[in-house]
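> A structural model of the following input is requested.
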Amino acid sequence: MQAMARTRLTRIWRRWWRPVTLVIALLLLAALAVRLVAPVVVSTAAVREAMERTLADWTGHEVTVDGSPTLTFWPEPRIELSRVSIVKPAIKGVTVLARISSVSAEFNFLGAFRGRPAFEDFILSEPEIYLTRNEMGELNWMKEGLLGDAALNATPAGAAVSIDPSLDRDIGDVLIENGRLELRDSITGLDWMASGITGELHWPRFSEPASLEVTALLNGRQIDVDLASGQPLLLLSGREASLDLDLNSDLLLAQFSGRASLAEHGFVSGELGFSGTDAGAAAAWMGMPGSILENGQPFSFGAEVLTTEEALRFDRLRMSMNRMEATGIADLLFPAERPPRLTGTLAIDRLDLVALRPLMNPGRGSGSADQLLQGLELDLRLSAREVAAGSFSLAQAALSIVNENSQFRTDIVDGSLEGGRITGRMVTVSEPGEPKTDLQLAVRDANLEAIFQKLGVSGPIPVATGSLELSATLPQGEWERLQEGRGSFRITTAAGILPDLDPGTILHRVGNRTYLPLKNPEGQDFLYQRLDLSATFERGLAEIQSGVIEGDAINVTLSGLLPLDGGGLALSAMLTPAAAPTKSSALFIGGSVAEPVVITQIADPAGGR
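The predicted model follows:
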C-alpha cells in the first residue's frame, strides 16, 4: 500500500515540477527586475517631495530637509531624509517644534511609480521634539495638520474611536532611536526633559489602538515605559481615554490601568499604584517638594481613583511611607477660584509629628514644603495607634490637620499620654516676616514625673498624677524653642511627693545659715495633698503668679522667677504650719534649677519664727 502511494506521488511530481519551477523563476525574475529598474522609474525627487508633504500634512507645520535623500529598494522600498526640521511661524522668525537627524519610511513601489507613494513603518533617528501643554491640557501639535484634525474629529465608540474615513491614515510602527523630548507644562509650571529615548510606537492607523514601549533618561535616571491606549486620538486631544501604563526605574515603580486625560488636573479613573525604596530621592527626582520625606525610606501607594466633576477621589487608599502605614479615603478637590484642596479620613498605625514639621511652617520661604502648600489646602482627619512627638509618644490619638488661608492648624482631638488624656491645638500663621505659632495643650490625669523627665527638666519635679495646661506663642513656628516664646502654664496635682524637699526638715536644717543645698541630704520627702502652680513666661523666664503646695502639717506658697533655660533661680517660699496659720517663715531660693540652694531664712514680721 505504501509503495503504491509513493509511486503516485512520484508521477505527480514529474508532471508538475517543471511548471512550478518555471512560475517561481518568473516571480524571482520579476522581483529582481523591479529592484533593478526601480531606481530608474521611481523619481527620488518625487518620493522626497511626497515624504516632505506627508510630514507637513500630518503635523500641520512647515517641514525643511537640509540633507540629500537616500532611496533603497531591498528588501523593501524605503526613503531616508536627513537633517529634518519642523517649524512654525512666530513673531520673530520661526519656532522649532522638532529636529530629527534622519527620518526613514517604507513606501509602496506601485504607488511611487504612479507618483502617489504611501508611507509607513517610520524610523526616527535622534529626534528632538519640543512640546507645550496649555491650560486646557492641549498639546501644541494638536490643533493643526491631519493628526490634529483626526484627534479633534474623533468621537468615542465603545472601547475604540470613530473618525471621518477621509482623516484616517496608516502609520504602522515608528521606531525611535536616541531621541530627546522637552515638555513645558503650563498647568503645573514644570519643565520635563527626557533624553536617550529608544523604543517603538505601534499604531497601525489613527483610528486603532496604539502602544508605546521605550527606555529613556529622565532627570538623569533610566526609565522603562510601557503605555497602551485603545483611544489614542482622544488622549492626544486632551479628552478622557483608556490608558494602561507601566513605569519602571531604580527609584520608582508605577502602574495605572483605567481612563485618563491630559486636560487640566489630569483626571483619571482606575487602579493606581506606585512604590519605591527611597521616598526623598524619588520626590526630588520627580521635581516634587520632598522635605517631609525621609531619604532611604521605602514607600508605596495604592488606590482606586475615581473622577467626579470637581474632585479626584482616592478610594480604598493604602499608603506606606516614613515607617508609617495608612488606609482610608481621600478627595482632591478643585474648587473654583481657590487652590486645590486635599481632604480625607485616614487610619494610621504610627505618625511622626516631627516629620510633618515642614508642613507646619508654610512661611519659611525657601523650603520645599512651601512649594507644596502654596498650591494645596489640607483638611485631613487622622486616627493613629501611636503618634511620636519628639521624646513623647501618644497612643490612640485622633488628630485634625488643616491648611488654608496661609494658616496651618493641627488639632489633637484626643489621645493618651503617660496614662492620661491630651488635647491641644497648634496654629502657624504665615505672615510677612517670620511666621508665628500659637500652641495650646491640656494634659489631664497623667504621670507628671514622666512628662517632666522627657521635657528634660533637671530640677525638683513632683511625683504625682496631675494636669498640665500650656498656652504659648512660639517664634518662627518651632516648638523646640518654647523657652524663647511667651505664654502661660498651670500645673495642678492631687496628692503627691516632692523628693528630698520636706519643708519642716529644710527649716530645721537651715536655721540662720545661708547657701545650703535646698534638698535634704538624708532624703526626707515632702508628701503633699495638693499642688497648684500658675506662671507666665517670656524670653526664657517664667514669673510665678500663684504657687500653692498644701501638706498635712505645712503649706508652702511660692513666688518669684523661674528660668526655663537653666539660668539662676530667684524664688521666695513662704512656709506656714497648718496648726499655726498666723506664723510663717520665708525661704529665699537661688542657685541653678538643677541644684537649688537656700540663701537665707527670715521670720515673718507678724510674729512667726
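> and residue 321, bridged to which residues?
Beta-bridge partners for residue 321, by DSSP bridges, are residue 324.
> pLDDT score for it?
pLDDT recorded at residue 321 is 80.
> residue 498 too?
Value for residue 498, per-residue pLDDT: 94.
> so who does it touch?
Going by CB atoms under 8 Å, 6 or more residues apart in numbering, residue 498 touches 460, 462, 463, 525, 526, 528, 549. C-betas here are computed from N, CA, C, even on glycine.
> not counting sequence-adjacent ones, nearest residue to the third one?
With CB to CB, 6 or more residues apart in numbering as the measure, residue 497 is the residue that lies nearest to residue 463, at 4.3 Å, once sequence neighbours are left out.
> quick one: contacts for the nearest residue to residue 419 once chain neighbours are set aside?
Excluding its sequence neighbours, the residue lying closest to residue 419 (CB to CB, 6+ apart) is residue 447, at 5.1 Å. The contact partners of residue 447, by CB under 8 Å, 6+ apart, come to 418, 419, 420, 465.
> how much space separates residue 447 from residue 467?
With distances taken as CB to CB, to the nearest Å, residue 447 is found 11 Å from residue 467.
> who touches both of those two?
Among the neighbours of residue 447, those also in contact with residue 467 (CB under 8 Å, 6+ apart) are residue 420.
> so the protein: which segments form each domain?
If you go by automatic domain parsing, the domain ranges for the chain are 1-41, 42-239, 483-603.
> who touches the closest residue to residue 595 other than its chain neighbours in this structure?
Distances taken as CB to CB, 6+ apart put residue 517 closest to residue 595, at 6.8 Å, once the chain neighbours are dropped. Residue 517 makes contacts with 595, 596, 597, 598, as judged by CB under 8 Å, 6+ apart.
> name the element residue 55 belongs to?
Using DSSP states H and E, residue 55 sits within helix 44-59.
> and what of residue 284?
helix 279-285.
> hey, what's residue 382 bridged with?
In this entry, residue 382 is beta-bridged to residue 346, residue 399, by DSSP bridges.
> can you check the pLDDT for it?
Looking at residue 382, its pLDDT reads 93.
> any chance of CSV for the contacts of residue 447, columns secondary structure?
What follows is the contacts of residue 447, written out as CSV (DSSP: H, G, I helix; E, B strand; the rest coil):
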residue, secondary structure
418, coil
419, coil
420, strand
465, strand
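> derive a ChimeraX selection command for the buried subset of those residues.
For the buried members of those, the matching ChimeraX selection, counting by 16 or more other CB atoms under 10 Å, is:
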select :418,420,465
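> save the contacts of residue 447 as CSV, and put in distance to residue 78 and pLDDT too.
Formatted as CSV, those follow (distance: CB to CB, whole Å; pLDDT from 0 to 100):
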residue, distance to residue 78, pLDDT
418, 79, 94
419, 81, 93
420, 81, 95
465, 88, 96
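> now, the most widely separated pair of the contacts of residue 447?
418 and 465 (9.2 Å; CB to CB).
> and for the two, which residues touch both?
Common contacts of residue 418 and residue 465 (CB under 8 Å, 6+ apart): 446, 447, 448.
> need the pLDDT of the nearest residue to the last one once chain neighbours are set aside.
The one in question is residue 448. The shortest distance from residue 448 to any non-neighbouring residue, by CB to CB, 6+ apart, is to residue 466 (4.9 Å). On pLDDT, residue 466 comes in at 96.
> likewise the one 10 residues further on?
For residue 476, the model assigns a pLDDT of 63.
> just the buried residues of the helix holding residue 55, please?
Using 16+ other CB under 10 Å as the burial criterion, the residues of helix 44-59 that qualify are 47, 48, 50, 51, 52, 54, 55, 56, 58, 59.
> same check on stretch 394-413?
Within stretch 394-413, the residues scored as buried using 16+ other CB under 10 Å are 394, 397, 398, 399, 401, 402, 403, 408, 409, 410, 411, 412.
> and the helix or strand containing residue 125, what does it pack against?
Element membership of residue 125 [criterion: DSSP H and E] is strand 119-133. Helices and strands touching strand 119-133, by 3 or more CB pairs under 8 Å, 6 or more residues apart in numbering; DSSP states H and E, are helix 44-59, strand 94-107, strand 170-185.
> which one of those has the lowest average pLDDT?
When those are ranked by mean pLDDT, helix 44-59 comes last with a mean of 81.
> who touches that helix?
Residues outside helix 44-59 that contact it (CB under 8 Å, 6+ apart) are 62-63, 65, 69, 71, 79, 81, 84, 86, 97, 103, 105, 107, 112, 115-117, 119, 141, 144-147, 169.
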